[in-house]
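Chemist: Here is a sequence with its predicted model. Questions after.
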Amino acid sequence: MKNTFKIFFLILLITIVGCTDESKDPLPQLEKGAFIRFANSQPSATFEDPQLIEFSDQIYDPNNNVIEYKLALRAVISGTTLIAENFITETSFPTTISFNSQSLADALGIDVSEIRFGDVFEFTATATRNDGVVFYGEAPSLDPDNLTVGLGNTENNLLAIAGYTNAMKFGTIIACTFVQADMVGTYTIINDSGYSISGATTFEVIAGPLPSQIILVNPFGSSQNYEVLVDVNDFGIATIDPKQNVFLTEEYCCAGYSPTSIATNPALTSLALSCIGYIELNVNNFIGIPPETTGFTFGGLTQLSAQKN
């Protein structure tokens with residue numbers, strides 16, 4: 001019986017496909033979206049000198065239907081997010097786009113000397129098709145909680161596969177290769193703002209159990225000599241997760257509470273840059289309960305920055 005049904009369904013399908021009148025087809029035919037590509041390659045994922053960012057390449061319109069290309073720039077400079085919505089605009093193709101450290105700084109309204117290791121640059125484009133439809137350099141998305149669809153309408157494969165050299169979404173970071181041994185040493189605290197203990201001026205950094213980890217030995221000067229394990233990726237981005245104890249609450253302000261813990265703030269960049277011996281942690285504070293539980297934020301943000309002696 002199952003085989004008979006399959007044969008019947010196949011015959012029916014062939015009949016439908018063979019007899020379709022395209023003029024009466026209720027489904028719209030596929031159209032070519034607006035998409036811009038680089039002729040050779042995207043900008044490097046990393047630059048090793050903040051003052052020597054340099055990129056230039058031709059972009060072209062493979063579908064020959066784009067009337068305007070706009071490139072927006074979002075940067076995280078020393079933990080602060082800056083945006084240049086109209087960084088580059090082009091209306092004829094092929095053409096060449098270029099940028100360097102100075103042009104990035106000018107677009108963001110900062111001095112070029114403010115660009116430094118660990119800073120991140122993200123580029124997202126829109127391409128307007130000749131019928132006025134705008135294509136955003138983001139993959140389609142759905143918010144299941146609110147049942148809302150995002151602006152993204154560029155197929156993810158076009159954005160994610162390196163061979164497409166897409167000019168719709170790309171990014172770079174100023175980074176030096178993380179070397180654990182180069183991070184080890186004594187650090188002097190440059191800035192210690194937020195809810196932490198006063199009085200500590202230096203702390204030691206030792207190697208962690210993995211090559212991608214370092215341990216900060218009692219960076220907040222607690223009587224408990226807490227050690228903080230920090231994960232560091234290849235580009236010097238530091239993460240403290242899960243939360244870790246750093247000092248007793250009564251050492252700061254509030255007798256009777258259990259230890260205060262910290263975890264990196266996901267909205268801000270924390271750094272461990274071995275090439276210049278620099279640490280910058282942007283963390284949220286948690287008080288009153290062990291760090292492995294949910295906790296609640298206490299006093300907002302703490303920033304700890306330190307330079308290797």
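Modeler: Everything's here; your move.

Chemist: what comes up buried for stretch 200-216?
Modeler: Neighbour counts over stretch 200-216 (16 or more other Cβ atoms under 10 Å) mark 200, 203, 205, 208, 213-216 as buried. Using the backbone N, CA and C atoms, a C-beta is placed for each residue, glycine as well.

Chemist: Mind putting these into a markdown table with secondary structure and distance to Thr96?
Modeler: A markdown table is the format used below for the buried residues of stretch 200-216 (DSSP: H, G, I helix; E, B strand; the rest coil; distance: Cβ to Cβ, whole Å):
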| residue | secondary structure | distance to Thr96 |
| --- | --- | --- |
| Ala200 | coil | 52 |
| Phe203 | strand | 49 |
| Val205 | strand | 45 |
| Gly208 | coil | 45 |
| Gln213 | strand | 43 |
| Ile214 | strand | 42 |
| Ile215 | strand | 48 |
| Leu216 | strand | 46 |
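
Chemist: out of those, what pair is the most spread apart?
Modeler: Ala200 and Gln213 (21.9 Å; Cβ to Cβ).

Chemist: Which residue ranges of the stretch 151-300 of the chain form helices?
Modeler: Counting by DSSP state H, counting those that start in this stretch, one finds helices in the stretch 151-300 of the chain at the ranges 156-160, 180-183, 249-252.

Chemist: Show me the least confident stretch of those, going by mean pLDDT.
Modeler: When the helices of the stretch 151-300 of the chain are ranked by mean pLDDT, helix 156-160 comes last with a mean of 55.

Chemist: Quick one: low-confidence residue ranges for the stretch 51-200 of the chain.
Modeler: 138-163, 194-199 (pLDDT under 70).

Chemist: cutoff 90 now
Modeler: Regions of the stretch 51-200 of the chain meeting the criterion pLDDT under 90 cover residues 76, 78-80, 116-120, 135-166, 169-171, 173, 175-177, 190-200.

Chemist: What ranges does it have for its strands?
Modeler: Assignment of strands within the stretch 51-200 of the chain using DSSP state E, counting those that start in this stretch yields the ranges 54-60, 66-77, 80-90, 95-100, 120-129, 134-136, 142-143, 148-149, 169-174, 185-193.

Chemist: Throw these into a markdown table and include mean neighbour count and distance to Pro259, thanks.
Modeler: As requested, the strands of the stretch 51-200 of the chain are exported to a markdown table (neighbours: other Cβ atoms under 10 Å; distance: least, Cβ to Cβ, whole Å):
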| stretch | mean neighbour count | distance to Pro259 |
| --- | --- | --- |
| strand 54-60 | 16 | 47 |
| strand 66-77 | 20 | 30 |
| strand 80-90 | 15 | 30 |
| strand 95-100 | 15 | 47 |
| strand 120-129 | 20 | 32 |
| strand 134-136 | 17 | 46 |
| strand 142-143 | 10 | 37 |
| strand 148-149 | 10 | 41 |
| strand 169-174 | 20 | 34 |
| strand 185-193 | 14 | 18 |
